[in-house]
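Colleague: Fold the following and give me the result.
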Amino acid sequence: MRSRGLVVALAVLLAVAAAAAVILYTNGVKKSAQTGGDLKPVIVATQDIPANTSLDTLIDSGAFKELNVPAEALVGGAVTSLAELRGQTTTAPIVANEQLTTSNLSSGEQVQGGALGISKGHVAVTIKVNTPQGVNGSIQRGDNITVFATFTGVSIVKGDLHQLLNPTSTSAPVTDRQDLPDFTATLIPTVRVLQVVNPVLDETGHATGDTVTLTLDLTPKQAQDLIFAAQLAQIWTGLLPPGEQGTPIPASQVPVKLLIGKFAA
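Modeller: All right, here's what the predicted structure looks like:
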């Protein structure tokens, strides 16, 4: 009996020791997760913040909080204190609970191409077209499109340009004038869309707005051509399949080129 009692007592002691070890281990894991040295503080927003927003008022209203994240999850240029946000303005939209980075602030170093991702040597130009001319709101950021221009009522004149622009001038008068037929030309065969504002779609998938606003990644020459055409012609866009390039129309197939070749001195 005595030996049996000792065995029971020993079993109880081992069970208590095992339970204590489990409790100590669990507490250790919890403490490590909460205060472990591999966690880093970062600043996140508690709400969505648009681009071009001054942050001082938002700081004072408590729109930011500190969050501890694992060191390996820390993004490059992460903001780690509210002091870094003072006097700053956002250069890109900020989503609630995402890590703030200095690249999204007015004093931060911008990524190549800026917030729009403009190609080196290019310029961003924005145009607004009617919904049908904007592929009914189907164009998305990053798509490639072709830009067309339809000209109407265009004429070619032969004579002194100064006289044409200044009818009261004493220069030689314009001697000839040739009206051109209406025509459509491929203005820009391929251009990447940097940003787009499409009309909202209703529950049936139809566009509810009248216009599409496109910001395009253009060479300086393309930008000049587009701005000029926007003043004289109707602009249409065509959506290209992913990764494909548009096909330019040979100059000989554009009516204005034919007539200029026959009529110009």
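
Colleague: drop to CA atoms for contacts and neighbour counts, all remaining ones
Modeller: Fine.

Colleague: And residue 216, what's its pLDDT?
Modeller: pLDDT for residue 216: 95.

Colleague: how about the nearest residue to it, chain neighbours excluded?
Modeller: residue 193 (4.8 Å; Cα to Cα, 6 or more residues apart in numbering).

Colleague: Measure how buried that neighbour is and give me the count.
Modeller: The local packing of residue 193 (other Cα atoms under 10 Å) involves 22 other residues.

Colleague: does it count as helix, strand or coil?
Modeller: Classification of residue 193 using DSSP: H, G, I helix; E, B strand; the rest coil returns strand.

Colleague: got the domain boundaries for the chain?
Modeller: 39-104, 123-263 (automatic domain parsing).

Colleague: ok, of these, where does mean pLDDT dip lowest?
Modeller: The weakest mean pLDDT among the domains of the chain belongs to domain 123-263, with a mean of 79.

Colleague: who touches stretch 43-51?
Modeller: 63-67, 78-82, 89-100 (Cα atoms under 8 Å, 6 or more residues apart in numbering).

Colleague: how does it look with 10 Å?
Modeller: 55, 58-59, 62-68, 78-82, 84-85, 89-101, 104-105, 115 (Cα atoms under 10 Å, 6 or more residues apart in numbering).

Colleague: again, but for stretch 61-74
Modeller: 33-49, 55-59, 79-82, 85, 96-97, 99-100.

Colleague: Quick check: phi and psi at residue 136.
Modeller: phi 60, psi 30 (degrees, to the nearest 10).

Colleague: how about it, what does it touch?
Modeller: 130, 198, 199, 201, 206, 207, 208, 209, 210, 211, 212.

Colleague: Can you flag which of the contacts of stretch 61-74 belong to strands?
Modeller: 39, 40, 41, 42, 43, 44, 45 (DSSP state E).

Colleague: what about the closest residue to the last one other than its chain neighbours, neighbour count?
Modeller: Read that as residue 45. Nearest residue to residue 45, sequence neighbours excluded (Cα to Cα, 6+ apart): residue 64, at 4.4 Å. Residue 64 has 21 neighbours, counted by other Cα under 10 Å.

Colleague: Pairing-wise in the sheet, spell out the partners of residue 237.
Modeller: Note on residue 237: beta-bridge partners by DSSP bridges are residue 147.

Colleague: The nearest residue to residue 123 once chain neighbours are set aside and residue 61: what is the separation?
Modeller: Excluding the flanking residues, the one nearest residue 123 by Cα to Cα, 6+ apart is residue 218, at 5.4 Å. Residue 218 is 41 Å from residue 61, where distance means Cα to Cα, to the nearest Å.

Colleague: quick one: the strands in the stretch 51-200 of the chain?
Modeller: For the stretch 51-200 of the chain, the strands defined by DSSP state E, counting those that start in this stretch cover 64-70, 123-130, 144-151, 155-158, 176-179, 183-197.

Colleague: Out of those, which one sits most buried?
Modeller: strand 144-151 (a mean of 21; mean count of other Cα atoms under 10 Å).

Colleague: Quick one: the helices in the stretch 101-250 of the chain, in order.
Modeller: Listed in chain order, the helices of the stretch 101-250 of the chain (DSSP state H, counting those that start in this stretch) span 161-165, 220-232.

Colleague: Identify whichever of those helices lies nearest to residue 122.
Modeller: Nearest to residue 122, of all the helices of the stretch 101-250 of the chain, is helix 220-232, at 6.3 Å by Cα to Cα.

Colleague: And the closest one, what's buried?
Modeller: For helix 220-232, a neighbour-count test (16 or more other Cα atoms under 10 Å) marks 222, 223, 226, 229, 230 as buried.
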